[in-house]
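> What follows is a predicted structure for the sequence shown.
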Amino acid sequence: MGKLNFLDMCNGRDGTLLTRGIFEEFYKEVGGSGFEIKEANNFFLEIIGNEPLLTFKTQAQLLAPIMDGNTITGVKVLEQGSEVVYSGKRFIDATADGDLSAMAGASYTYGGEDIGEIDRKMGVTLIFELSGVNWTRVFFHLNTQRLFGALTGNRLAVGATNKIAWGYEEEGFEYVPADSMIRFRGLNMTRQRGGSVLINALVVFDTDPLDSASYSEAVRRAEAELVKLLPYMRGNYAGFRNAELASTADRLYVRETRHIIGEYQLTIDDVLENRDSWDKIAIGSYPADVQPSVSQPSGTVIGNPDRYAVPFRCLIPLKIENLLIVGRSSSYTSLAASSARVVPLGMACGQAAGTAAAQSVSEGSSFRQMSRSPDAVARLQSALRAQGAYLEDFDIQEPIMSHWAYDGMASLRRLGLIGGGYNNDYKLDQPIDKAHFQNLLNSIVSRSDVDIDSVRVTGTLTNRNVLDSVAYVVLSAGDSSELNEKRSHADNMAHLSAAGLIDGDLLKRFDDSSAVPTTAEAAVLLANLYNCIMPS
């Protein structure tokens, strides 16, 4: 994980730790969400060493699966220059990128491909280590900011303990990188026992982690940027005056590559509507945090759940037998993965996969058969609870779900076009500004087969020019001979009605042609547009 040691936790809003079992054991042993790298490594080696039936290979490179039709029966690996084959009854793919599943022929999408963002690649990060940081100064600086923000009603995402700290977002945004494909954001910091500090903040865009040349180039660019970045930090970050580069991670922190398609794909609606599932094997809760990319250099938080279930079916790739997949490449849609990709949830799913494999062998049932048997799933859940897993049922509704425009907003949210941030505030009842509407409209057009590059909304944003602009797109998707700049507003309204984009309650809401539409009204109209112009 590239020295990632600042964990994104899965706690419910009531403070409940949702990822218990082995993760909770690890969490307590290493002392919390920020930990010493060597201590974590030693902990894992110790617990692995205590398992008599587990053989741990640290120098084995996966070459290929051994297949019998669609059934995986073994793996070929490279060990000390020699090819070795290991056979087995069941297999668990815990590779970060779903390598074994992909090699076995499992279907998958890459990055944001599933929502039409074919070229979207979440930024990768090179974590670096600094010596000479004055932690006492960092502690008081960030906590003073936090206290002042609380007193003034502005809850800032800053703070520090004796081990971890987070903040300096404004300073990060003000930094101008030498490399235009790099962004420096707010710092996530973890203090190590020797006094050095590990920092997660340097984001590199347009990297394909599955391509070795692209991967190496990202490392080179990040290391080159640090030459300029460190003097900036010394001069602009409280507590960093004497900071020196101690090391960089030996690998990148990669957030997203493949998304394997399984018996069920976790969706962004599952995550943000706090959905339970009859076959849950883990419970997550982290915000749907889409990290920066070329197309979204600031990233976006789609929303923030209380908790959601991960179904057992998400671990079972379609078509491939004897295989489970765990980790960030499990069967999650790309937006759902922006929440479900975090380490604690991956560990909870890993524990479930191991337990399921043992049950599958002992009962002589395939994973797919298990997933279709409520009794088999109940036995799996019972075994996990006995191991300390938290699998309580829940029924939690988000207030936004009762809003009249929720379905339209959710349609745009499924495309990653609208976000509610950490507070789930989609600003539905506020007037939408021109730039936001323009971006939404053009994003929808770009994902369709309508042959126009963009739509320009001229003048002040009003109901009239919003409707006329949407009508232009509808006409562009049909008979281009209908296009005419002198078309009347009434003609455009007639086309919108005929296409089923506006009627009933929505028509009444757009009755005042001079008014500025709300985000809710625009969201419903644009959701209807997307459904109208997308190819069937």
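Thanks, I have it. Nothing here was measured: the structure is a model prediction, and the numbers come from that model. Numbering: from 1, shown residues only.

> contacts and neighbour counts: CA atoms only from here.
OK.

> looking at this protein, which helix or strand does the model trust least?
For the chain, the helix or strand with the lowest mean confidence is helix 489-498, at a mean of 87 (criterion: mean pLDDT, DSSP states H and E).

> And the very next helix or strand once past that one, how far out from the chain middle?
Using DSSP states H and E, the next helix or strand after helix 489-498 towards the C-terminus is helix 504-509. Put simply, helix 504-509 sits 36 Å off its chain's centre (CA atoms, centre = their mean, to the nearest Å).

> just checking, next helix/strand downstream of helix 504-509?
helix 519-533.

> Give me the contacts around that next one.
405-409, 411-412, 427-432, 437, 440-441, 444-445, 448-450, 470, 474, 477, 499-502, 506, 509-510 (CA atoms under 8 Å, 6 or more residues apart in numbering).

> Now that we have those, which of them are buried?
405-409, 411-412, 428, 431-432, 437, 440-441, 444-445, 448, 450, 470, 474, 477, 499, 501-502, 509-510 (16 or more other CA atoms under 10 Å).

> which stretches of this protein have low pLDDT?
Judged by pLDDT under 70, the chain has its weakly predicted residues at 1, 155-156, 479-486, 536.

> how about the longest helix anywhere in it: buried residues?
When the chain is scanned for its longest helix (criterion: DSSP state H), the result is helix 212-236. Going by neighbour count (16+ other CA under 10 Å), the buried part of helix 212-236 is 215, 218-219, 221-223, 225-226, 229-230, 232-234, 236.

> Can you tell me which of those comes closest to Thr16?
When these are compared for distance to Thr16 (CA to CA), Met233 wins out at 36.6 Å.

> Quick check: the closest one vs Ala201, distance?
Distance of Met233 to Ala201, computed by CA to CA, to the nearest Å: 12 Å.

> cool, Met103 as well?
In terms of CA to CA, Met103 sits 33 Å off from Ala201.

> The two: which has the busier surroundings?
Ala201 (20 against 14; other CA atoms under 10 Å).

> Quick check: phi and psi at that one.
phi -160, psi -20 (degrees, to the nearest 10).

> how near is it to Arg183?
Ala201 is 8 Å from Arg183, by CA to CA.

> for the residue at minimal distance from the centre of the chain, what are its contacts?
Taking CA atoms, centre = their mean, the centroid of the chain lies closest to Ser338, which sits 0.8 Å from it. Shown in contact with Ser338 (CA under 8 Å, 6+ apart): 287-291.

> how about a cut-off of 7 Å?
288-290 (CA atoms under 7 Å, 6 or more residues apart in numbering).

> For the helix or strand harbouring Met103, give me every contacting residue.
Counting by DSSP H and E, the element that carries Met103 is helix 99-104. Residues outside helix 99-104 that contact it (CA under 7 Å, 6+ apart): 64-65, 93.

> let's go with 6 Å and repeat that
With contact meaning CA atoms under 6 Å, 6 or more residues apart in numbering, helix 99-104 is reached by Asp93.

> Can you tell me which helices and strands the following helix or strand past it packs against?
Sequence order places strand 108-110 as the next helix or strand after helix 99-104, per DSSP H and E. In terms of contacts (3 or more CA pairs under 6 Å, 6 or more residues apart in numbering; DSSP states H and E), strand 108-110 is packed against strand 258-260.

> how far does the strand it packs on sit from the chain's center?
With CA atoms, centre = their mean, you get 12 Å for strand 258-260.

> next one: stretch 274-287
15 Å.

> Can you classify Val470 as helix, strand or coil?
The local conformation at Val470, judged by DSSP: H, G, I helix; E, B strand; the rest coil, is helix.

> could you measure it against Leu525, distance?
With CA to CA as the criterion, Val470 and Leu525 are 8 Å apart.

> per the record, what domains does the chain have?
Listed by automatic domain parsing, the domain ranges of the chain are 22-56+89-109+259-286+301-386, 124-248, 400-533.

> got TSV for these, with distance to Cys10 too?
Compiled in TSV, these are given as follows (distance: least, CA to CA, whole Å):
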stretch	distance to Cys10
domain 22-56+89-109+259-286+301-386	5
domain 124-248	17
domain 400-533	14
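
> Of these, which stretch is the most buried?
Counting by mean count of other CA atoms under 10 Å, domain 22-56+89-109+259-286+301-386 has the highest mean neighbour count of the domains of the chain, with a mean of 20.

> State the distance spanning the first to the last residue of that one.
12 Å.

> hang on, Phe91 packs against Glu321?
No: taking CA atoms under 6 Å as the definition, Phe91 is not a contact partner of Glu321, at 9.2 Å.

> Quickly list what's touching both of the two.
Counting by CA under 6 Å, 6+ apart, nothing touches both Phe91 and Glu321.

> Thr458: what secondary structure?
coil.

> Could you find the closest non-adjacent residue to it?
Asn465 (7.6 Å; CA to CA, 6 or more residues apart in numbering).

> Off-centre distance for the helix or strand containing the one you found?
In this assignment (DSSP H and E), Asn465 forms part of helix 463-476. Chain-centre distance of helix 463-476: 33 Å, with CA atoms, centre = their mean.

> angle of it against helix 489-498?
60 degrees (axes from the mean of the first three to the mean of the last three CA atoms, to 10 degrees).

> Okay, helices next: where are they in the stretch 101-250 of the chain?
With helices called from DSSP state H, counting those that start in this stretch, the stretch 101-250 of the chain shows them at 135-151, 169-174, 212-236.

> Could you say which one of those helices comes nearest to Lys3?
Nearest of the helices of the stretch 101-250 of the chain (CA to CA): helix 212-236, 14.1 Å.

> is it true that Arg313 lies in a strand?
No: Arg313 is assigned helix when assessed by three-state DSSP, not a strand.

> residues contacting it?
By CA under 6 Å, 6+ apart, the neighbours of Arg313 are 263-264.

> try the one 10 residues further on
Applying CA under 6 Å, 6+ apart to Leu323 gives the contacts 91-92.

> And the strands in the stretch 201-350 of the chain, which stretches?
244-248, 258-260, 280-284, 288-290, 300-303, 308-311, 323-325 (DSSP state E, counting those that start in this stretch).

> What ranges does the stretch 1-150 of the chain have for its strands?
Using DSSP E, counting those that start in this stretch, strands in the stretch 1-150 of the chain cover 60-68, 71-79, 82-87, 91-93, 108-110, 124-125, 128-131.

> Could you dump those into a markdown table and include distance to Met493?
Shown next, in a markdown table, are the strands of the stretch 1-150 of the chain (distance: least, CA to CA, whole Å):
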| stretch | distance to Met493 |
| --- | --- |
| strand 60-68 | 58 |
| strand 71-79 | 56 |
| strand 82-87 | 66 |
| strand 91-93 | 54 |
| strand 108-110 | 39 |
| strand 124-125 | 46 |
| strand 128-131 | 57 |
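
> so which of those strands comes closest to Val254?
Of the strands of the stretch 1-150 of the chain, the one closest to Val254 (CA to CA) turns out to be strand 124-125, at 5.0 Å.

> hang on, Leu245 packs against Leu130?
Yes: look at Leu245 against Leu130 with CA under 6 Å: they come within range, at 4.7 Å.

> rewinding a little: ok, which of the strands of the stretch 201-350 of the chain comes nearest Leu45?
Closest among these, using CA to CA: strand 323-325, at 22.2 Å.

> Can you tell me the strand partners of that closest one and which way each runs?
Sheet pairing of strand 323-325 (DSSP bridges) gives strand 91-93 (parallel).

> Show residues contacting the strand it pairs with.
So strand 91-93 is in contact with 100, 323-325, going by CA under 6 Å, 6+ apart.

> of all the residues you listed, which two lie farthest apart?
Top of the distance list for those (CA to CA): Leu100 and Leu324, 9.9 Å.

> Give the closest residue to Tyr110 in space, chain neighbours not counted.
Per CA to CA, 6+ apart, closest to Tyr110 is Arg258, 4.6 Å.
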